[in-house]
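J.: let me see the structure of the following:
(chains A, B and C)
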Amino acid sequence: MSQASVGHEGHAGHEGHADGHGHGSAEHAKYPFLAHHFETPAQQFDSAKLGMWLFLATEVLFFGALFVAYAVLRSRFPEVFSYGSHYLDTVMGGINTCVLILSSLTMALGVYFAQRGKRIALLICLWLTMAGAAGFLVIKYFEYSHKIHENLVWGPGFYIPPHDAIGEAESVALAHAPASAPAAVPAPLNSASSGVPMIGAHPAVDASVVKPASMGPLGLGAGAVNHASAVTHDIIPDQLPSAHLEDAKMPPNTHVFFAIYYAMTGLHGFHVIVGMVVIGMLIYRATRGDFGSNYFTPVDLVGLYWHVVDLVWIFLFPLFYLIH
Amino acid sequence: MTTIVTPRPELLDTSATNDNYLTFTRGFRSWALTLDHKRIGVMYMSAVLASFFVGGVFALLLRTELLTPGRTIVSADTYNQFFTLHGAIMVFLVIIPSIPAALGNFILPIMLGAKDVAFPKLNLFSFYLWVGGALFTLYSLAAGGFDTGWTFYTPYSTTTTTGGVIPVLTGVFILGFSSIFTGLNFIVTVHKLRPPGMTWFRMPLFLWALYATAIIQVLATPVLAITVCLLIVERTMNIGIFNPSMGGDPVLYQHFFWFYSHPAVYIMIVPAMGIISEIISVHAHRQIFGYRFIAFSSIAIAMFSFIVWGHHMFVSGQSGLMNTIFSLISFSVAIPSAVKTFNWTMTLYKGTISLTAPMMYGLSFIFLFTIGGLTGIHLATLNTDVHLHDTYFVVAHFHYVMMGSALIGMIGGLHHWWPKMTGRMYNEKAAIIACIIIFVGFNITFFTQFMLGSQGMPRRYYDYLPEFQIYHVISTIGAYIMACGFFLCAACFVQSLLGGKKAPANPWGGRSLEWQCTSPPPHDNFSSPPTVGNCYDFSMLRWDEKEQGYVVDKELEAVAIAAEARGHS
Amino acid sequence: MTQSNSNTAHADHPLVGHLVPVSTLLATASVLLILTIITVAVRYIDIGEFNLWVAIGIAVVKAGLVASFFMHLRWDRPFNLLVFIGCMLFVVLMMAFCVLDTSQYRSTQYTGNPPVAQETLDANAPGAPVARFKLGMNP
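T.: Next up, the predicted model:
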C-alpha cells in the first residue's frame, strides 16, 4: 500500500520503540486519530490549538498592518474620513455586524455539539453559520454594487465632484491670508493635531540659500517626455460622470477613504469566503460522522478562525461606518 | 497499521545494521511526499544551496560589471536587474530559509528528543510553498525581470514597466507563508513535544535560537505579505496609497516594508548564532559560558528587533522625533549580541580547541560578526548615517552580518552536522583550506567596500568616478577568490557523498541528543529513548579508536554524576 | 482516514478541552448584540474626539467577550492568551510609531522661488555630486 512508501508509517516507528510511558502504542491503537509523533490525544489537541492560535496571530498581524494604514491615513485626512463615512450605509453595516455575531454564536454552538458528540445538532449549527456567512456576503454585494454605481471606488476611477467655485475662492483667500488667521479649511498637515513637540524643527529658509541641484542623465523632472512608457498614475480627468451623485462639498482625496475601505472590507470578505469553504469541508466531514467527543479538533480550529473573522469585523464596523 | 521493515543484505555490515532515514524507503514519491522532517530538511538544503549558487552567479556578474566605470559587460538596465536578483534570491530564497528550514528541520526534533515536528504535513507544505515561491521568481526572470532593488521602494516599484515585478512579488508572498508555517511548526514543537526531562533550560542553545527566530517569523512575516499585496494592488488598481499626488505616502511603504525586513535580518542571524554556540562549545570541548544569558539574549534580540526598523529610513523623510527614537533603540539592540560574543569568547578561553572545519567557521563568525555588528553602530548614529546611507558602507555592513556571519554560520553548521546527516565524513584538510580561502576572499571583497562607502561611492550605481576604480577591482578580485573557496567547499562535500569515510555516531564529541543516535539517524530518530542531561558537559566523553568517534565512558560518567550529586547536596 | 467509533462516542464530556455551556454562549451573544446597538447609538451623540475612543473601547470589550467565551480563552492554556494579546500589542506598536511619524510631518518652509536646475556636471560647480576628498588629502 502506498502508505509504506510515503514515510508516514503510523505505527511502524514503534517497532522496538519502548518509550518512557510504556503505553504509547496502546494509546495509538485506542485512538486512531492520534498521530505517530504524539504520545496522548491531549498533547495532540493542545498542539493543534497552539498552532491555530499562532496562525490567528499571523492573521491579526496581516489585518493589523491595514489597520495601521487606516490610522495613518485617517490622521492625515480626518475630514475625508468623516465625510466619506456618510456614504456608507450604517443600517446595512449594523445588520452585517449582527449577522456575523450570530454566526459566531452558531459556530460556537457547533463546537459544543461536536464536543458532546451530537452530530445532527452540529450539522444544523454549521449550516446556520454558513447561511450567516452567505447573508453577510449578499449584503456586502449590495453595498459594493451601490457604491460602484455611484463611482465611489478607489483610485483614478473615483467620482470627481463638480467644480465648487465658492469653495475654491474660499481656499484661495485663506492661502493668501496672514499666517495668524485660523485655518477654516483644515490643512492636512496641521501642527495642532498632536501635542508632540517638533524635534529638529527648521526655521523658514529663503530659497536662495538652497544650492541648485545638478541634472542627472535624464534631467531633474524631465517629465513625461522621457518616461512615455512608464505607467502614468495621475488622476485621469476623463471618466464617465456619475449619473446620481451630486456632491460639490466633497473634500479632495476622498478616494483615499474608499481605497482603504475596499482594501480592508475586501480582504475581510475574502476571508469570509475562505471561511465558507472551510466550513463546507467541515459539513462534509461531519455528515460522514468523523467528529465526536473524542475527536472534534477540526471543528474547534475552524471555529477559532471564524471568530477571528468576526473579531476583525467588530473593529471594522465602527471604524468605517460610525465615524462621527 | 504496521509495516515490516527488513534491512537489505548489502547494508548488513558492522557499522550500519539498521536502515536509516535515507534508505528507509526508496523512490521519488517517498521523498516528494515524505513527512519525515529529516528528508524535508535535506530537500530544503539542496534547494537552498542551489539558489545560493544562482544568487552567487549574479553577484559575480555584477562585480565583474563594476570592474570599470561605465559599461564593462552589460548595460545599466541589466546591471540593475543583476543586483536586484542577487539581493532578492539571497534574502528570500537562501538566507532566510537556510538555517531554520534546512538545518533546523533536520536537527530540531532530534536535538529536542521528539519523533518529528508538531505538524509534519504542514512542514512538507512549507517546503512546497518555498518551491512555489522559487518558481514564481524564476518565472519573473522570464517575464522581463525586475530592477527595483530587493527593497521594492515606491514609486519606482509601482511605476516601472519591467514585467517581472508582479510575479516576483507573488513569489515573495508565497515564500513568506513558507517561512511563517515553519516558524509556527517550530514554536509548537518546542512547546509541546519536549520529552520528559527536557526542560526549557536543558535545551541546547540552538533550540533557543530557533525558537526566538520562529517568534520573529510568525509575527513579522505577515506584514511583508500585506506589503507585497499592497504593492501588487497599487500596480494593478492604482489605489494611490503610496502615491503623494493621490494623497498617499511613499514613506508609509518604507514603514511597512522595514517593519518586516528588519526583524527578517534577525531571522537570518539568530539561528546562526545558535549554531555558533553549539560549534564553539563542542569543538572547544568546554561548557558554554553563560548559558542563560545566551538563551535570554536570543529572546531579547527577537523582541528588540521589532522596534528598530526606522534606522533604515533615517534619510527618507521620516520625522526627526522618530529618527531619534529609532537611533537610540538601535544602539541598545547591540547589547544582547555583544553578550553572546563575549560568552563565546569566554567559552574558548581555557578550552581545548580542536581546529576542525566547523571550529574554523566558528572563529570566522566571531571575527566577522564583530566587525559587522560594530559597523552597524556607525549606521545607527544619525549624523554618520546621513553620510553613509545608500553607500557601499551599508553594503559592506550587511554583507559582514548576512554573509560573513549568517551564511558562514550555516556552512559551519553544515560541516558540523554533515556526518550526522549523511553518515559520511568529509576531507578535513580541504574543508579547512576552503574556509580560509573564503575568509580571505570575503575580507578582501567587503572590507574594501567600507572604504569605498566612507568615501562616498553610492550603492547600486552602475557608473562611478575613476578614483573608486581601484577599490572596485580589489573587491571583485576578492569575490572571485571567495567563489573559489566555495567551489572547493562544495567539492569537499561532493567527494564526501561519493566516497567519504563512514561517520561514527559522535565524531566531534557533542552531548546534545542528536549525537546519541546513529549517523545517519534511523527513520524514527531514536531506537531507544534518549537520556537527557547537561548537553554542554563534555567531561564524560572519550575518544574511541575503534569507532573513530567519541563515546560516553561509563567510569567518567559515574564520576560526573557523583560530582553533580555532591554539588546538589 | 477512517474513524472508529471511539471518535463518535456520545460522552457528556469531551476527551480533551473544555465544554462551554450553551447558556454562557447565548448570554455572550446577547451582550454582544446589545453592545453593537450601544455603539451605533453613541455615534449619534457628539463628544468630539472621544467618539473614536468610545467606539474602539466598546469594540475592545466585544473582542474580549468573543475571545474569552466563544474562543474558550478563559479556560484555555495561558500561553494561547499570551499569543493573542502579544500579536495585538505588536500591531499597536507599529501603529503608534507610524502615526507618530506621520503626525510630525510639516510642510516645507522654504520661502521665495524654487532654485533653478543646473545644466552641467561641472566638478567645481556648487552642489555638484563629486567626492570632495581623496585618501590622504585634505578636503
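
J.: contacting residues around residue A:155?
T.: Residues counted as contacts of residue A:155 (CB atoms under 8 Å, 6 or more residues apart in numbering or on different chains) are A:255, A:259, B:237, B:238, B:239, B:240, B:246. C-betas here are computed from N, CA, C, even on glycine.

J.: let's have the residues you listed in TSV, adding neighbour count.
T.: TSV is the format used below for these (neighbours: other CB atoms under 10 Å in any protein chain shown):
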residue	neighbour count
A:255	26
A:259	27
B:237	16
B:238	22
B:239	24
B:240	23
B:246	21
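
J.: can you show me the strands along chain B?
T.: Remark: strands assigned in chain B by DSSP state E are B:541-544, B:549-552.

J.: ok, now chain C?
T.: C:110-111.

J.: was I right to think residue A:45 contacts residue C:17?
T.: Yes. Here residue A:45 reaches residue C:17: they are 6.2 Å apart, a contact under CB atoms under 8 Å.

J.: residue B:156 - how many residues pack around it?
T.: Residue B:156: 15 surrounding residues under other CB atoms under 10 Å in any protein chain shown.

J.: same question for residue B:135.
T.: The burial count for residue B:135: 13, using other CB under 10 Å.

J.: go on, the one 10 residues further on?
T.: By the measure other CB under 10 Å, the count of residues near residue B:145 is 20.

J.: from residue B:287, how far off is it?
T.: Applying CB to CB, to the nearest Å, the value for residue B:145 to residue B:287 is 51 Å.

J.: where does the stretch 101-250 of chain A have low pLDDT?
T.: A:159-246, A:248 (pLDDT under 70).

J.: if we can go back for a sec, nearest to chain A, of the strands of chain B?
T.: Among these, the nearest to chain A by CB to the nearest CB is strand B:549-552 (19.5 Å).

J.: who touches the closest residue to residue B:74 other than its chain neighbours in this structure?
T.: Spatial nearest neighbour of residue B:74, excluding adjacent residues (CB to CB, 6 or more residues apart in numbering or on different chains): residue B:65 at 5.6 Å. Taking CB under 8 Å, 6+ apart, we find residue B:65 in contact with B:71, B:72, B:73, B:74, B:79, B:82, B:462.

J.: switch the cut-off to 7 Å
T.: Residue B:65 sits next to B:72, B:73, B:74, B:79, B:82 when contact means CB atoms under 7 Å, 6 or more residues apart in numbering or on different chains.

J.: out of the residues you listed, grab the one that's most surrounded.
T.: Using other CB under 10 Å as the neighbour test, the contacts of residue B:65 are led by residue B:82, with 25 neighbours.

J.: now, which of the contacts of residue A:155 lie within helices?
T.: Applying DSSP state H to those, the entries found in helices are A:255, A:259, B:237.

J.: give me the subset of those residues touching chain C.
T.: When CB under 7 Å from any CB of the partner chain is taken as the criterion, no member of the ones in helices among the contacts of residue A:155 contacts chain C.

J.: skipping adjacent residues, who's closest to the one residue in chain C that gets nearest to chain B in space?
T.: Residue of chain C nearest chain B, by CB to the nearest CB: residue C:104 (3.2 Å). Among residues not flanking residue C:104 along the chain, residue B:319 sits closest, at 3.2 Å (CB to CB, 6+ apart).

J.: my read: that neighbour touches residue C:102, true?
T.: No. Checked against CB atoms under 7 Å, the pair residue B:319 and residue C:102 is beyond contact range at 8.0 Å.

J.: tell me where the stretch 351-500 of chain B has helices.
T.: Remark: helices assigned in the stretch 351-500 of chain B by DSSP state H, counting those that start in this stretch are B:357-380, B:382-388, B:392-398, B:408-422, B:428-454, B:469-499.

J.: counting by contacts, list what the fourth one packs against.
T.: If you count contacts as 3 or more CB pairs under 7 Å, 6 or more residues apart in numbering or on different chains; DSSP states H and E, helix B:408-422 packs onto helix B:250-283, helix B:357-380, helix B:469-499.

J.: just give the nearest non-adjacent residue to residue B:396, would you?
T.: residue B:449 (3.8 Å).

J.: for the closest residue to residue C:45 other than its chain neighbours, the count of nearby residues, please.
T.: Beyond its immediate neighbours in the sequence, the residue positioned closest to residue C:45 (CB to CB, 6+ apart) is residue C:51, lying 7.9 Å away. Using other CB under 10 Å, residue C:51 has 19 neighbouring residues.

J.: for residue C:51, give me the pLDDT.
T.: Predicted confidence (pLDDT) for residue C:51: 84.

J.: ok, the one 4 residues further on next?
T.: Model confidence at residue C:55, expressed as pLDDT, equals 92.

J.: is it in contact with residue A:321, as I believe?
T.: No. With contact defined as CB under 7 Å, residue C:55 does not reach residue A:321; the gap is 9.8 Å.

J.: which neighbours do these two share?
T.: Contacts common to residue C:55 and residue A:321, judged by CB under 7 Å, 6+ apart, are absent.

J.: and the host helix or strand of residue A:65 with helix B:250-283, angle?
T.: For residue A:65, the host element (DSSP states H and E) is helix A:41-76. Orientation note: helix A:41-76 sits at an angle of 150 degrees relative to helix B:250-283 (axes from the mean of the first three to the mean of the last three CA atoms, to 10 degrees).

J.: quick one: is helix A:41-76 near chain C?
T.: Yes. Under the criterion of CB under 7 Å from any CB, chain C is reached by helix A:41-76 at A:41-42, A:45-46, A:49-50, A:53-54, A:57, A:60-61, A:64-65, A:67-68, A:71-72, A:75-76.

J.: can you tell me which of these are buried?
T.: Using 16 or more other CB atoms under 10 Å in any protein chain shown as the burial test, the residues of helix A:41-76 next to chain C include A:41, A:45-46, A:49-50, A:53-54, A:57, A:60-61, A:64-65, A:67-68, A:71-72, A:75-76 as buried.
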